[in-house]
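Asker: Provided below for reference: sequence and predicted model.
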Amino acid sequence: MPGVEGQSQVSEAQASVGQAFQADVAKLLHLMVHSVYSDRDVFLREHLSNAADACEKLRYEALKDPGLAPDSFVIRISIDKDAQSLAIEDNGTGMSREDLAAHLGTIARSGTRAFLDQIGTEAGDGGDTREKLDLIGQFGIGFYSAFMVADKVDVFSRRAGSDEAFHWSSDGKGTFSIAPLAQDEAPVRGTRVVLYLNEASRDYLEAGRIERVVREHSSALTVPIELIEKTGGEPRRISDGAALWTKPKAAITEHDYKEFYQTLGGMFDEPALTLHWHVEGRQEYTVLAFVPGSPPFDLSDPSRAGRAKLYVRHVLITDAAEILPRWLRFVRLVVDSADLPLNVSRETIQESPVFAAIKKAVTNRVLQELVKLAESDKEKFATVWDHFGAVLKEGLYEDPERRDALFDLARFVTSASPEGGRTLKDYIADLRPNQTAIYYHLGEDLARLAASPQLEGFQARGIEVLLLPDHVDAFWTTTAVGFDGKPFKSVTQGAADIKSIPLKENPDEGAAAAEPPTANLATLYALMKQVLGESVEDVRASDRLSSSPACLVASDRGPDRRLERMLAASGRLGTASKPVLEINPAHPLIRALASQIGAPDKEKFEDIIWLLFDEARVMEGERPADAFAARLTRVLLGAAGSFTP
């Protein structure tokens, strides 16, 4: 059937012809503006960035024709409350009719990108000249952020060196117009953008609001910014075109740094450490960082978010950049990159190799400077550690790669140094004969840790124990292999294994352990285990006790008891392990119990065993058994009945 065959061929030919997508431009523009940008303040940042780019372009063009450039570049913001409009004007390169149509009439068409491509071709230097230019907007959508706050936008522009000027206008609903502009209405050079603010955005007519946005988002632009607060008013400079971190260090005073730190971090104290450096090479960026002199208000925020500001070519991209790891979240930081790639919105950065390299380098440098401070100014570093030691120790768990450097920073309170300030190197230097481990004790507060019965045997032998009251200590001690060849070992987990370490020369401290156990002790341990039943895994003699009758420890196979309680409280532990009850065989109470095995008052005997167990629980910070009060009352009544009137 030739007719059908011919029809089939025609259909296939039609199907192969490319068809253009159809779009409702007004809806597309609205969707793009309100999806890409989440913060209305961004519109001012974007337009100031465009103005700064225009000045930088003219600065470059003036290298060939010096007559094009003004004596000085400036960006001017004007408020007109009568017209309810906001104008942003620059004396940069300006735009011709063709530029207006191409760059403002085509969404995602970037004049900056075209300019960079053009000069790269002209220079013929592989892009070196292009990369050196301080140009920001390369995506061509920043201009349209104006429609977040404006019902209508007018653009008046004259291309530098041209006698012609033009007026571009649009309400953001899908159409725009371009018309010639009378000479007396046109800028001498550059562009004036007038935004007729919608009702919800009239707060941008307040000078204070404008100054705040400029200070937060655009204070680092390389072109000065002026503000005219009312029609016919005099311009007032609100940004000098040079951010603090862009200035030479020699030109910055301590007072300048302090003021900037207080503004940056919302702090009222002085920084404990100020770091300011510039990097050139594979990446080019500047860093200004402060270690606070006191804990910031948000240090304990559950999100553990940092306060790092990221700029690209002096324009704020985000004030919550994840540049430093969370265990350095207390550091107040500014990073200004010259070559970091941006995403389309400029509100978040791309995960790129350049950003990863900057993160790694900045983290290493901050850590190195903290180590230097610890070595050069011990008193100042002691204050830093008091404020932020618990946060820095999070890195011992989260960042094994930098654990060695963090161990150099770490300072500890120990059983031998209750005032703190002990380093692991200090600890290793004072090891006792035959000591093969670094001993630590986890708990909730230093006072209870220092009074813990588990320390008695260690103190009798002069063994120093790290006292670790911070939550994170329970985690990093389980993952850290050790320090200087010595493993970390909990004093409340497994057998103490300290018999080979000699007692101190003071006989009083070793007297409690000097007397050998009686023959009935083995029977007593078995009977205690039978009475306590499923409450304990085992009952055994202790090497770690010298003056207390009993204590609880974790088994060799289970987690440290402090860690186990934390996991249970957070719902991350299924079945809790049973503790081991360790008994001091030399204690008078234990000897008395051993001598009463087989006594007729079985209930009293068992009550004392349970009370010993509950005493050990209380010393651990746990609740005693529900029957504790009844048992204690029975034992006290028995003791009171033995008194002779």
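Answerer: Structure received. Residues are numbered from 1 along each chain as shown.
Asker: those strands in the stretch 301-450 of the chain, which residues are they?
Answerer: Using DSSP state E, counting those that start in this stretch, the strands assigned to the stretch 301-450 of the chain run over residues 307-312, 315-318, 332-337, 413-414, 438-442.
Asker: between those, which gets nearest to residue 603?
Answerer: strand 438-442 (35.9 Å; Cβ to Cβ). For every residue, glycine as well, the C-beta is placed using N, CA and C.
Asker: Which secondary structure elements does that closest one sit against?
Answerer: Applying 3 or more Cβ pairs under 8 Å, 6 or more residues apart in numbering; DSSP states H and E, we find strand 438-442 packed against helix 424-429, strand 465-468, helix 473-479, strand 488-490, helix 561-569.
Asker: Please identify which of the strands of the stretch 301-450 of the chain is closest to residue 584.
Answerer: That would be strand 438-442 among those, by Cβ to Cβ, at 17.7 Å.
Asker: Parallel or antiparallel, which strands does that closest one pair with?
Answerer: If you go by DSSP bridges, strand 438-442 pairs up with strand 465-468 (parallel), strand 488-490 (parallel).
Asker: out of the helices and strands packed on strand 438-442, deepest packed?
Answerer: strand 465-468 (a mean of 24; mean count of other Cβ atoms under 10 Å).
Asker: what's next to that strand, contact-wise?
Answerer: The list of residues contacting strand 465-468 from outside it, by Cβ atoms under 8 Å, 6 or more residues apart in numbering, reads 412-415, 422, 427, 438-443, 446, 449-450, 455, 458, 474, 477, 491.
Asker: hmm, try it at 7 Å
Answerer: By Cβ atoms under 7 Å, 6 or more residues apart in numbering, the residues outside strand 465-468 that reach it are 412-415, 438-442, 446, 449-450, 455, 458, 491.
Asker: Pull out the buried members of those residues.
Answerer: Neighbour counting by 16 or more other Cβ atoms under 10 Å classes 412-415, 438-442, 449-450, 455, 458, 491 among the contacts of strand 465-468 as buried.
Asker: what's the most distant pair in the residues you listed?
Answerer: The widest separation within these (Cβ to Cβ) is 17.8 Å, between 438 and 450.
Asker: where does the stretch 151-300 of the chain dip in pLDDT?
Answerer: Residues of the stretch 151-300 of the chain meeting the criterion pLDDT under 70: none.
Asker: can you map out the strands along it?
Answerer: 165-170, 176-180, 190-197, 225-228, 236-239, 273-279, 285-291.
Asker: can I assume residue 455 is in contact with residue 415?
Answerer: Yes. Between residue 455 and residue 415 there is a contact under Cβ atoms under 7 Å: 5.7 Å.
Asker: what is residue 195 paired to in the beta sheet?
Answerer: residue 86, residue 153.
Asker: how many other residues sit next to residue 253?
Answerer: 8 (other Cβ atoms under 10 Å).
Asker: So that it lines up with my notes, have the first residue be 23 from now on.
Answerer: Okay, using 23 as the starting number, the last item reads as residue 275.
Asker: Ramachandran angles for it?
Answerer: Backbone torsions for residue 275, taken as degrees, to the nearest 10, come to phi -90, psi 170.
Asker: Report the central residue of this structure.
Answerer: Relative to the mean C-alpha position of the chain, the nearest C-alpha, by Cα atoms, centre = their mean, is the one of residue 328, at 3.0 Å.
Asker: Roughly how far does the closest residue to that residue other than its chain neighbours sit from residue 274?
Answerer: Closest residue to residue 328 apart from its sequence neighbours, by Cβ to Cβ, 6 or more residues apart in numbering: residue 351 at 4.3 Å. From residue 351 across to residue 274, the span is 25 Å (Cβ to Cβ, to the nearest Å).
Asker: Looking at those two, which is more packed in?
Answerer: Higher neighbour count among residue 351 and residue 274: residue 351, with 23 against 16, using other Cβ under 10 Å.
Asker: before we move on, the earlier item: mind putting the strands paired with strand 460-464 in TSV, mean pLDDT and distance to residue 575 included?
Answerer: What follows is these, written out as TSV (pLDDT from 0 to 100; distance: least, Cβ to Cβ, whole Å):
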stretch	mean pLDDT	distance to residue 575
strand 487-490	97	14
strand 510-512	93	9
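Asker: mind putting the ones you listed in a markdown table, distance to residue 106 included?
Answerer: Putting the strands paired with strand 460-464 into a markdown table (distance: least, Cβ to Cβ, whole Å) gives the following:
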| stretch | distance to residue 106 |
| --- | --- |
| strand 487-490 | 62 |
| strand 510-512 | 67 |
